[in-house]
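1. 3D, please:
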Amino acid sequence: MTQANVIVLSIREEQAEEFERLFEAEELPIWHEYAGAGTFLTARLARVEFGSEKKDGVRFYSLFVEVRGMTEHSAHDDDPRFAEFLAKARLFQPEPPLVFGGETVFAVDAASG
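-> Numbers count the residues shown, from 1 in each chain. Now for the predicted structure:
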């Protein structure tokens, strides 16, 4: 089975647009490269618009990446370009992200029905 990784990012509201621009400029090209090489099966960043957590002055983002396994996960995490992006992105975060990952148990997508 594949590995699913979920990260919930907390970004200061007044810096959210700047964070998105940074993500688009520096991390998104890495995602495209990894997807094209088959390293990432899917990758998504979403603005959280509803949920069980709300904090004044904070915008939450949900990040989801599915990879074939830990080798592919580590390839991204060990990429020096990601390290450079991450150092900058952490400056927008008032608190550390919530990070979860593990083996995919069930999956349904448009192709599989």
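2. contact partners of the lowest-mean-pLDDT helix or strand in the chain?
-> Lowest by mean pLDDT, DSSP states H and E among the helices and strands of the chain is helix 70-77, with a mean of 90. Here helix 70-77 makes contact (CB atoms under 8 Å, 6 or more residues apart in numbering) with Gln3, Asn5, Ile30, Tyr34, Thr39, Phe40, Val65, Val67, Phe82, Gly101. For glycine as for every other residue, the C-beta is placed from the backbone atoms N, C-alpha and C.
3. continuing past the helix or strand hosting Ala46, what's the next helix or strand?
-> Ala46 is part of strand 40-47 when elements are defined by DSSP states H and E. Scanning forward in sequence from strand 40-47 by DSSP H and E, the next helix or strand is strand 58-67.
4. packing partners for that following strand?
-> Strand 58-67 is packed against strand 3-12, strand 40-47, helix 70-77, with contacts defined by 3 or more CB pairs under 8 Å, 6 or more residues apart in numbering; DSSP states H and E.
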